[in-house]
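Asks: With the sequence up front, the predicted model follows.
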Amino acid sequence: MDAFRDFCNKSKIPFINLSNPVSLQQLDPDKEFSVAVAYINRQNPDGVAFLRAVMHWQNVIQRVIITDSVDLDLFREAINKAHVNYILSYPLDSTQAKEVLIKAHRRFRTLSRPLRKLDKFAEITQDLLIDNERIRDAARRDALTGLLNRRAFDDYLTSLWLRLKKDSQTLSIALIDLDHFKRVNDTYGHQVGDEVLKKVGRILLENQRIGIDNAFRYGGEEFAILSIHTNKLNMQAYMQRLLETVQNTVVETGQYQISFTFSSGIAEIQQANSVQHLVQLVDRALYQAKQNGRNQICLA
């Protein structure tokens, strides 16, 4: 191997010396290796294990043995276990060694080219998947509030209905309507109204319980919350906390300080015989809260 190292240095071929198969794991994964060389004879059979480890690590790397042996059993073991590609005799013939290395490197490039194309294709595919997911997420989110939108609400509700109804699990839905929101727009302008909507969206997002709640902008000044494993009484307590938070919130925009409240209706999955029926029930409960004077929560 000293002779081989000298040959590589003279030929300006990059060369790394490894003492055992475990050393493969310490190599820089960003560096490309095209040829692995091991010296073997009966007194030094570890080279076969090393080349076998190389084969399992990256099987396109070309495997070369240098030997002064004529032991056919040793050659058979090297070929069977490590799938050796080339054999060099010691002492080394410089011309022959150079030819073998050129052939080995050329063969490595030929074999690895399709893999590079596949890696590039996989990279492009992954980028497309990420872009598609980003576009898909953007299509399901309300740009103003950052909440999921009405389309996402319909998808989530249908999916949860099928899954939870089948397993007799609980799901509650709340509809929220900002009280007298038209008056805010008419008095202060739509920009101020947008600030109020953004503030409500932030409150709903910050108070979501992980794995339980999903908040949506249902449309205009209406919002919705879907809460799994939550009956309507627990949902009422949760909504009451949200209402108190909103009651204590002031939106400051320029010279204006605006306070606001909301009305809410609640229904749970066990009350309904279809998704449409569930939405009708919660809509009626919201209407009742508004009829009762607003700034309150009604159960279906």
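Replies: Received the coordinates, thanks.
Asks: contact partners of the helix or strand encompassing Q280?
Replies: If you go by DSSP states H and E, Q280 is part of helix 275-291. Helix 275-291 has contacts (C-beta atoms under 8 Å, 6 or more residues apart in numbering) with 157-158, 161, 173-177, 179, 263-267, 269, 271-272, 296-300. Backbone N, C-alpha and C define where each C-beta goes, glycine included.
Asks: Now that we have these, which of them are buried?
Replies: The neighbour-count criterion (16 or more other C-beta atoms under 10 Å) marks 157, 161, 173-177, 179, 263-267, 269, 272, 296-300 among the contacts of helix 275-291 as buried.
Asks: From the residues you listed, which land in helices?
Replies: Per DSSP state H, helices hold the following members of those: L157, W161.
Asks: out of the buried ones among the contacts of helix 275-291, which are inside strands?
Replies: The strands, defined by DSSP state E, take in 173-177, 263-267, 297-299 from the buried ones among the contacts of helix 275-291.
Asks: how's this protein carved up into domains?
Replies: Following automatic domain parsing, one gets these domains for the chain: 2-122, 150-299.
Asks: What is the end-to-end distance of the longest one?
Replies: To tie it back to what came earlier, the one meant is domain 150-299. By C-alpha to C-alpha, to the nearest Å, the extent of domain 150-299 from end to end equals 22 Å.
Asks: from the middle of its chain, how far away would that domain be?
Replies: Distance of domain 150-299 from its chain centroid, counting by C-alpha atoms, centre = their mean, to the nearest Å, is 29 Å.
Asks: Look up how far I173 lies from K98.
Replies: According to C-beta to C-beta, to the nearest Å, K98 and I173 sit 76 Å apart.
Asks: Could you do L233 as well?
Replies: Using C-beta to C-beta, L233 is found at 14 Å from I173.
Asks: what do you get for I16?
Replies: Going from I16 to I173 by C-beta to C-beta gives 64 Å.
Asks: What's the mean pLDDT across stretch 201-208?
Replies: Here stretch 201-208 scores 94 as its mean pLDDT.
Asks: again, but for stretch 50-63
Replies: Stretch 50-63 comes out with an average pLDDT of 82.
Asks: quick one: terminal-to-terminal distance for that stretch?
Replies: End-to-end distance for stretch 50-63: 10 Å, by C-alpha to C-alpha.
Asks: What lies in contact with that stretch?
Replies: Residues from elsewhere that reach stretch 50-63 (C-beta under 8 Å, 6+ apart): 18, 20-21, 24, 33-36, 38, 65, 78, 81-86, 104-105, 107-108, 111-112, 115.
Asks: Just those residues: which are in helices?
Replies: Short answer: the contacts of stretch 50-63 in helices (DSSP H) are A78, K81, A82, A104, H105, R107, F108, L111, S112, L115.
Asks: Can you turn the buried part of the residues you listed into a PyMOL selection?
Replies: Typed into PyMOL, the line below selects the buried ones among the ones in helices among the contacts of stretch 50-63, using 16+ other C-beta under 10 Å:
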select buried, resi 78+82+104+107+108+112
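Asks: Among the ones in helices among the contacts of stretch 50-63, find the lowest-pLDDT one for me.
Replies: Lowest confidence among the ones in helices among the contacts of stretch 50-63: L115, with 53.
Asks: and the domains of the chain as TSV, adding distance to D142?
Replies: Output for the domains of the chain, formatted as TSV (distance: least, C-beta to C-beta, whole Å):
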stretch	distance to D142
domain 2-122	34
domain 150-299	4
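Asks: Could you say which of the ones you listed is packed most deeply?
Replies: Per residue and on average, the most neighbours among these fall to domain 150-299, with a mean of 17 (mean count of other C-beta atoms under 10 Å).
Asks: Least confident of the domains of the chain, on average?
Replies: Across the domains of the chain, domain 2-122 has the smallest mean pLDDT, namely a mean of 75.
Asks: how about the helices in the stretch 1-150 of the chain?
Replies: Under the criterion DSSP state H, counting those that start in this stretch, the stretch 1-150 of the chain contains helices at 2-10, 46-57, 72-82, 94-139, 150-166.
Asks: So which residues lie in contact with the last one, not counting its own?
Replies: Read it as helix 150-166. Contacts of helix 150-166 (C-beta under 8 Å, 6+ apart): 139-141, 148, 169-171, 173, 214, 216-219, 224, 226, 228, 269, 275, 278-279.
Asks: circling back: Throw the ones in strands among the buried ones among the contacts of helix 275-291 into CSV and include distance to Q191, thanks.
Replies: Conversion of these to CSV gives the following (distance: C-beta to C-beta, whole Å):
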residue, distance to Q191
I173, 31
A174, 28
L175, 26
I176, 22
D177, 21
S263, 24
S264, 26
G265, 29
I266, 32
A267, 34
I297, 29
C298, 32
L299, 36
